[in-house]
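Novice: next one to model:
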Amino acid sequence: MTPAELAAATTLPSDLSAEAQALWHAKAGNWEAAHNIAQEIHTPLGSWIHALLHVIEGDQWNGDHWFTNARKPSRGPKDIDALWDEIAAVVLGS
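Specialist: Take a look at the predicted model:
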């Protein structure tokens, strides 16, 4: 599956990793579901997704904390779509 296919899916595809599920929910506007999943991914990749979610939420300060945990540079609201695509490419191996 590509990032574009994940973004275009109208229902949650089966057999997705937790990371891909969180990204799908984020793209679908299900912030709380995405956040609940991301909170349980205790890896730098999970922290990167968590950072994205807090930027989407408008909580840049909290997002910056998670960017630090992910060892990634901070990104802001204007980068949300590009950041989602970047993370999805890593998660999906694209």
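Novice: average pLDDT for the helix or strand where L6 lies?
Specialist: For L6, the element it lies in under DSSP states H and E is helix 3-8. For helix 3-8, mean pLDDT is 96.
Novice: any stretches of the protein with poor pLDDT?
Specialist: Scanning the chain for pLDDT under 70 picks out nothing.
Novice: residue boundaries of the helices in it?
Specialist: Counting by DSSP state H, the chain has these helices, from start to end: 3-8, 18-27, 31-38, 44-57, 60-70, 80-92.
Novice: now the second one: how far from the chain's centre is it?
Specialist: Think helix 18-27. 6 Å (Cα atoms, centre = their mean, to the nearest Å).
Novice: the shortest one now?
Specialist: Centroid separation for helix 3-8 versus its chain: 13 Å, with Cα atoms, centre = their mean.
Novice: ditto for the longest one
Specialist: Its chain's C-alpha centre and that of helix 44-57 lie 5 Å apart, by Cα atoms, centre = their mean.
Novice: what's the angle from it to helix 18-27?
Specialist: 10 degrees (axes from the mean of the first three to the mean of the last three Cα atoms, to 10 degrees).
Novice: please shift the residue numbers so they start at 11 in all later answers.
Specialist: Renumbered: residue one is now 11, and that last one reads helix 54-67.
Novice: tell me the buried residues in helix 54-67?
Specialist: By neighbour count on 16 or more other Cβ atoms under 10 Å, the buried set for helix 54-67 is 55-66. Backbone N, C-alpha and C define where each C-beta goes, glycine included.
Novice: of these, closest to S104?
Specialist: L55 (14.4 Å; Cβ to Cβ).
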